[in-house]
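Trainee: Return atomic coordinates for the entry below.
(one chain, ligands or ions: 1)
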Amino acid sequence: MRTLDFIHLDENKVKGIVSSLQGLLADFQVFYTNIRGFHWNIQGKSFFTLHAKFEDMYNDTAEKADELAERILMLGGVPVNNFSEYLKVSKIKEVSKVVCGCDAIEHILDSYKIIIAAERALLAQASEAADEATVALMSDYLKEQEKLIWMLVAYGASCDCK
Ligand SMILES: [Fe+2]
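Mentor: Below you'll find the model as predicted:
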């Protein structure tokens, strides 16, 4: 038995959606590891604020990675779990040794720019396939991330480590 036998979606269109979800999963996994590094290595007057905020952010990112992997399974795919594969596919590159909060926020905003472009494309692709559940997932992510970006931009306007 397969989930696709029960959920009334076009198999060919679903293959494309699964492939896009795998790409987004890879982006989130690399992003997660980058944010953990920011959480650990950040220094300066904003340490306590950013250390805690980055923890919230990597936990949220881990939760989304899990949701994406489960969506891939619902659509009949097998989510990739090898970091070596993520690094081949991810549009977000690894960063390390970031100690300045402003640099970390800049990296995070650049990463969201990449992620949001991928989510918008995926939303359009899923919409074309009448895959409402994936559309709703992307829509939820975009709503949260646009709010977070507003806050990060507001916070990043006052840099205390450069
Ligand atoms: Fe920690």
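Trainee: List the contacts of residue 106.
Mentor: Residue 106 is in contact with residue 156, counting by CB atoms under 8 Å, 6 or more residues apart in numbering. C-betas here are computed from N, CA, C, even on glycine.
Trainee: Quick check: it vs residue 49, distance?
Mentor: 16 Å (CB to CB, to the nearest Å).
Trainee: What of residue 71?
Mentor: From residue 71 across to residue 49, the span is 33 Å (CB to CB).
Trainee: and these two? which has more neighbours close in?
Mentor: More neighbours sit around residue 71 than around the other of residue 71 and residue 49, counting by other CB atoms under 10 Å; the figures are 22 against 12.
Trainee: residue contacts, the more buried one?
Mentor: By CB under 8 Å, 6+ apart, the residues touching residue 71 are 21, 133-134, 137.
Trainee: Can you give me the distance of it to residue 47?
Mentor: Note on residue 71: its distance to residue 47, by CB to CB, is 36 Å.
Trainee: Quick check: which element contains the nearest residue to residue 138 once chain neighbours are set aside?
Mentor: What sits nearest to residue 138 in space, not counting adjacent residues and going by CB to CB, 6 or more residues apart in numbering, is residue 123, at 4.0 Å. For residue 123, the enclosing helix or strand under DSSP states H and E is helix 101-128.
Trainee: to the chain's geometric centre, what's the distance from that helix?
Mentor: Taking the mean C-alpha point of helix 101-128 and that of its whole chain, the gap between them comes to 7 Å (CA atoms, centre = their mean, to the nearest Å).
Trainee: What are the buried residues along that helix?
Mentor: 101-105, 107-108, 111-112, 114-116, 118-119, 122-123, 125-126 (16 or more other CB atoms under 10 Å).
Trainee: What of stretch 41-57?
Mentor: Within stretch 41-57, the residues that qualify as buried by neighbour count (16+ other CB under 10 Å) are 42, 46, 50-51, 53-54, 57.
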